[in-house]
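Chemist: sequence unknown, structure follows:
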């Protein structure tokens, strides 16, 4: 067998995005020459593109073992590790790339570190700030600031919401209630959409004077000029680092007042953001020193939501029939960090009849499931204690809560949308008071919902609370009573007070009328 010929064939298949056949061809090449770096690298990239992150991590480990200075391979290895929840090792790999000599790989690594730092267990608030400032400072080198339009007396304030997920119903329940509640007599609303524009299907209530911008592939520099030309007074970011490539538009200072709300769980790293919206439960005063922005704390929760689309009915807790408690977590796999798995394992050990259901898209792939099972096995948890499911259509995904008694949060990166969905399906979320903003988003929601008893003081308290619930004979009956009234309770709580949150944001936005120039 000619290993190099197989490698060339594999590369051609890879370019055509025929990943299944490319993977087979790379394996043939490696059968001919197990020390062929390019084959391990190509194999790992094809596996990563197929979302087989467990396989990809193994292949890319082999690649960097053969060539330690392969920064591109190390970047892909870091991304695979991140997707598996091995976030600290991903951070370490990216830092090696930053210290390397490949400018393009370094650019990717800096951006990735800025994005994932809040979810890395070994990072702290200072580390998150440093990672984000480092990326922002690199972006700022390419930006020439503009002069925002001056204030104009006698007209409505023009507010632009910048978002990439207007077409995603599950995301929009965190935003659309507030956007729809705006006082159109005082505010002219502009919705700046990357991707699918707002629609009734995704919760938007149309108003004749609203303006929808479909951004397409417009550059940040072009968009900033359009914002200035449209004389927007306020620009509000809805993405945070979930659509990172658009965040640098704020560096141009196209609006007099720039706000980041809801999509953030830590500093943007950007002095050009005037206000970062949070609440007292999410960000205590002593942590303001780790934010580049001023903090605007709203009453209740800054994550107030509006469930506007059909979802399954609330079901009774399964423990009424099974006789044992089933815990569950439907968060993305990258939130299943080592401390999270260790805490889940401790609960399962302390409650030997309990089970744990995990569901996310990453678990569609066999190698990803195997990697997760191995991590639990490291803590002595056998496969029969675990129920693993992959992704599904959203309605069916939410029906997973019919099989869950109590949802378990993740840390240091909590749920947000996941927490809201669990609560709306009647399933209480057990969380704890984390060590950073990202670890207090569930706390914010639970306190606003009147469910403060489900917030432990720390991770040890989280473990104890989970074990106590699983071992208490009256837990199924308590959960049944809670589930019956959960939605009614939420509707009248601060967790769903989108109008109140809107008025708080409007009061903040109104300061733009007093702002003569930039920043």
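Modeler: Cool, got the structure. The structure presented is a predicted model; accordingly, all values stated were derived computationally and were not measured.
Chemist: C-alpha from now on. contacts and neighbour counts both.
Modeler: Fine.
Chemist: what residues does the strand or helix carrying residue 74 touch?
Modeler: For residue 74, the host element (DSSP states H and E) is helix 71-83. Here helix 71-83 makes contact (CA atoms under 8 Å, 6 or more residues apart in numbering) with 41, 44-45, 48, 53-54, 56-57, 60-61, 63-64, 87, 89-91, 93-94, 97, 100-102, 105, 108-109, 333-334, 362.
Chemist: Point out where the stretch 401-519 of the chain drops to low pLDDT.
Modeler: 513-519 (pLDDT under 70).
Chemist: Do you have the helices of it handy? List them.
Modeler: Counting by DSSP state H, counting those that start in this stretch, the stretch 401-519 of the chain has these helices, from start to end: 417-424, 441-448, 459-471, 475-491, 498-509.
Chemist: The stretch 51-200 of the chain too?
Modeler: 53-66, 71-83, 87-98, 103-116, 125-140, 169-172, 176-180.
Chemist: Which among those helices is found nearest to residue 253?
Modeler: helix 125-140 (11.4 Å; CA to CA).
Chemist: before we move on, back to that, buried members of the contacts of helix 71-83 into PyMOL, please.
Modeler: Here is the PyMOL command that selects the buried residues among the contacts of helix 71-83 (16 or more other CA atoms under 10 Å):
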select buried, resi 41+44+45+48+53+54+56+57+60+61+63+64+87+89+90+91+93+94+97+105+108+109+333+334+362
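Chemist: circling back: same list (the helices of the stretch 401-519 of the chain) but as JSON lines, adding mean neighbour count.
Modeler: Shown next, in JSON lines, are those (neighbours: other CA atoms under 10 Å):
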{"stretch": "helix 417-424", "mean neighbour count": "23"}
{"stretch": "helix 441-448", "mean neighbour count": "27"}
{"stretch": "helix 459-471", "mean neighbour count": "19"}
{"stretch": "helix 475-491", "mean neighbour count": "17"}
{"stretch": "helix 498-509", "mean neighbour count": "19"}
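Chemist: could I get these as TSV with distance to residue 343?
Modeler: TSV is the format used below for the helices of the stretch 401-519 of the chain (distance: least, CA to CA, whole Å):
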stretch	distance to residue 343
helix 417-424	18
helix 441-448	17
helix 459-471	6
helix 475-491	20
helix 498-509	34
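Chemist: between those, which gets nearest to residue 213?
Modeler: Among these, the nearest to residue 213 by CA to CA is helix 498-509 (20.3 Å).
Chemist: And that closest one, what does it pack against?
Modeler: Judged by 3 or more CA pairs under 8 Å, 6 or more residues apart in numbering; DSSP states H and E, the packing partners of helix 498-509 are helix 176-180.
Chemist: hmm, 10 Å instead?
Modeler: Applying 3 or more CA pairs under 10 Å, 6 or more residues apart in numbering; DSSP states H and E, we find helix 498-509 packed against strand 157-163, helix 176-180, strand 234-237, strand 257-260, strand 275-279, strand 294-298.
Chemist: Output those as TSV; include the columns mean pLDDT.
Modeler: Shown next, in TSV, are those (pLDDT from 0 to 100):
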stretch	mean pLDDT
strand 157-163	97
helix 176-180	97
strand 234-237	98
strand 257-260	97
strand 275-279	97
strand 294-298	97
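Chemist: how about the closest residue in space to residue 252 that isn't next to it in sequence, what does it touch?
Modeler: Once flanking residues are discounted, residue 252 sits nearest to residue 145: 4.3 Å by CA to CA, 6 or more residues apart in numbering. Listed by CA atoms under 10 Å, 6 or more residues apart in numbering, the contact partners of residue 145 are 221, 224, 249-254, 518.
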